[in-house]
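Asks: okay, here's the prediction I keep looking at, along with the sequence it came from:
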Protein chains: 2
Amino acid sequence: MNTQHVILGLLKKRSFTGYEMKNLFETVFSFFFDASFGTIYPALSKMEQLGYITKESIVQDKRPNKNVYTITPAGIKQFAEYMNSPVEKETVRSDFLMRMFFGEFAQEEASINWIKEAIASDSEDLEKLEAMKRSALAIPIGFSTKLIGLEIGIETTRARLKVLQESLLKLIDLTNPNMRQGDQQ
Amino acid sequence: MNTQHVILGLLKKRSFTGYEMKNLFETVFSFFFDASFGTIYPALSKMEQLGYITKESIVQDKRPNKNVYTITPAGIKQFAEYMNSPVEKETVRSDFLMRMFFGEFAQEEASINWIKEAIASDSEDLEKLEAMKRSALAIPIGFSTKLIGLEIGIETTRARLKVLQESLLKLIDLTNPNMRQGDQQ
DNA sequence: CCGTTCATGTAAGGCGTTACATGATTCC
DNA sequence: GGAATCATGTAACGCCTTACATGAACGG
């Protein structure tokens, strides 16, 4: 799976500009995919050359002109090939977990701060995902596989948060052995 | 965080060969990092050139010769710089979740099979992670941030599995509306 | 005998990031 | 007045994947 496949999937639904695609990547896809403008625009040019998509330039006033892309039969075929290929293994790259692994080489305070940051960031993510779920359920169409990504996002983020919060308490206890419940510095 | 930083972190603990590093990436790091030989060996050459590590060639009989790498003061400094840099955002790339998102463009049977495959793969991962946790706890040193990665791996995989199993039942229900509990085909 | 482990590397190509470049409009 | 939104692109560079290349020893 690469950016081209994802773009084709989006364009199967309707036509989009590169800018709109980036917005989707930052919201609905944020949990399992990302691509920057530096990836999207060159991909669109290449796909147009390859005949998978066509470009229509739309002149706007009060706004910059925009290019709207539409999938072609060749693009539809290409997307079908992707959907028939074996599913690739999920990859995760976590600088945070790497630092937890190398925790012995960091100052205790640094580790504690990294965990606090992770909790803050995961909490934000969780809120966003829950908001997305609410809006998805507001239009009731019954169950769709589209909800699976959202559900997995929500449940795994909750699980992470729980582990992080418990770990933070344990670490603080180790760093400050004299501090007990109710104590204040 | 890139492969060089991870290698430096490993070598802070003790010296390793490229081959041994790859084993670590496949086991203890598998949940949040990966690097293939095609990444590791060129990285080691470059790091030697840059003076971050030194190479010692060891001749073995009954086994291929090997190169054991050791960190230098320059490498230690480089690693410290990494540990002082801001933590990068975690990235996930999931072909499986993308296909769930594009589920409407796949045959229902294909979606069901992908979910079954995901359940099988996650179950295997969970067993491996739990085995790793057991061996980590067998040497009791109390709490260490190293356990956080393991815990997060275990708890998020459990959360994923739960969502997947529930989703599978819902999908099968939709596909086969006449099948009820207790029915057999 | 066959698969796995041990062990290292190269080469080509694809993919992606980051920074640079531009600029009007609209909301606070 | 300043930040965000709308909107597209290039260029350089770095990183990583995949396939290729080699080959002995050992366990089942």
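Replies: Yes, it's here.
Asks: check what pLDDT the residue nearest the centre of chain A gets.
Replies: Geometric centre of chain A, nearest residue: A:S30, 1.7 Å, by CA atoms, centre = their mean. In this model, A:S30 is scored at 91, pLDDT.
Asks: so what's it up against?
Replies: The contact partners of A:S30, by CB atoms under 8 Å, 6 or more residues apart in numbering or on different chains, come to A:K128. Yep, even glycine has a C-beta here, placed from its N, CA and C like the rest.
Asks: could you rerun that using 10 Å?
Replies: A:24, A:125, A:128-129, A:132, A:153, B:92 (CB atoms under 10 Å, 6 or more residues apart in numbering or on different chains).
Asks: please check those residues and keep the buried ones.
Replies: A:125, A:128-129, A:132, A:153, B:92 (16 or more other CB atoms under 10 Å in any protein chain shown).
Asks: re the thing from before, what is the nearest of the contacts of A:S30 to DNA strand D?
Replies: A:L24 (11.5 Å; CB to the nearest atom of the strand).
Asks: so the closest one touches A:F16, yeah?
Replies: Yes: contact criterion CB atoms under 10 Å: A:L24 and A:F16 qualify, at 7.9 Å.
Asks: where do the strands sit along chain A?
Replies: With DSSP state E, the ranges of strands along chain A come out as A:16-17, A:53-58, A:66-71, A:91-93.
Asks: buried sites along the second one?
Replies: Just to be clear, that refers to strand A:53-58. Quick answer for strand A:53-58 (16+ other CB under 10 Å): A:I53.
Asks: do the same with stretch A:4-23
Replies: So, applying 16+ other CB under 10 Å, buried residues of stretch A:4-23: A:4-11, A:16-18, A:21-22.
Asks: could you do stretch A:162-180 as well?
Replies: Buried-residue list, stretch A:162-180, by 16+ other CB under 10 Å: A:163-164, A:167-168, A:170-171.
Asks: how about CSV for these, with pLDDT and distance to A:L137 added?
Replies: Shown next, in CSV, are the buried residues of stretch A:162-180 (pLDDT from 0 to 100; distance: CB to CB, whole Å):
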residue, pLDDT, distance to A:L137
A:V163, 98, 27
A:L164, 98, 27
A:S167, 97, 32
A:L168, 97, 32
A:K170, 95, 36
A:L171, 94, 37
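Asks: identify the farthest-apart pair in the residues you listed.
Replies: Within the buried residues of stretch A:162-180, A:V163 and A:L171 form the most distant pair, 12.2 Å apart (CB to CB).
Asks: flag the shaky bits of chain A, pLDDT-wise.
Replies: Applying pLDDT under 70 to chain A flags residues A:178-185.
Asks: which bits of it sit near DNA strand D?
Replies: For chain A, the residues in contact with DNA strand D (CB under 7 Å from any atom of the strand) are A:17-20, A:23, A:37-38, A:41-42, A:44-45, A:60, A:63-68, A:91.
Asks: at 6 Å instead, please
Replies: Proximity of chain A to DNA strand D, by CB under 6 Å from any atom of the strand, involves residues A:17-19, A:37-38, A:41-42, A:45, A:60, A:63-64, A:66-67.
Asks: what's the closest non-adjacent residue to A:K146?
Replies: Closest residue to A:K146 apart from its sequence neighbours, by CB to CB, 6 or more residues apart in numbering or on different chains: B:F101 at 5.6 Å.
Asks: thought the one you found was touching A:H5?
Replies: No: using CB under 10 Å, B:F101 is not in contact with A:H5; the gap is 11.5 Å.
Asks: get me the contact residues on chain A for DNA strand C.
Replies: Going by CB under 6 Å from any atom of the strand, the residues of chain A near DNA strand C are A:2-3, A:34-36, A:38-39, A:62, A:64.
Asks: how does it look with 7 Å?
Replies: Counting by CB under 7 Å from any atom of the strand, chain A sits next to DNA strand C at A:2-4, A:34-39, A:42-43, A:62-64.
Asks: for stretch A:61-71, measure first residue to last.
Replies: Distance between the two ends of stretch A:61-71: 26 Å, counting by CA to CA, to the nearest Å.
Asks: no, scratch that, I was asking about stretch A:76-94
Replies: Using CA to CA, first and last residues of stretch A:76-94 are 34 Å apart.
Asks: from the chain's centroid, how far away is that stretch?
Replies: What separates the centre of stretch A:76-94 from the centre of its chain is 16 Å, taken as CA atoms, centre = their mean, to the nearest Å.
Asks: buried residues in that stretch?
Replies: A:78-79, A:82-83, A:87, A:90, A:92-94.
Asks: dump the residue contacts of the closest residue to A:I71 other than its chain neighbours.
Replies: Closest residue in space to A:I71, ignoring its immediate chain neighbours: A:L11 at 3.9 Å, by CB to CB, 6+ apart. Counting by CB under 10 Å, 6+ apart, A:L11 touches A:21, A:47, A:52-54, A:69-72, A:75-76, A:79.
Asks: between the residues you listed, which is nearest chain B?
Replies: In terms of CB to the nearest CB, no member of the contacts of A:L11 lies closer to chain B than A:F79, at 7.3 Å.
Asks: before we move on, back to that, what's the most distant pair in the buried residues of stretch A:4-23?
Replies: Greatest spacing in the buried residues of stretch A:4-23, by CB to CB: A:H5 and A:T17 (18.6 Å).
Asks: for A:T70, grab the count of nearby residues.
Replies: If you count neighbours by other CB atoms under 10 Å in any protein chain shown, A:T70 ends up with 13.
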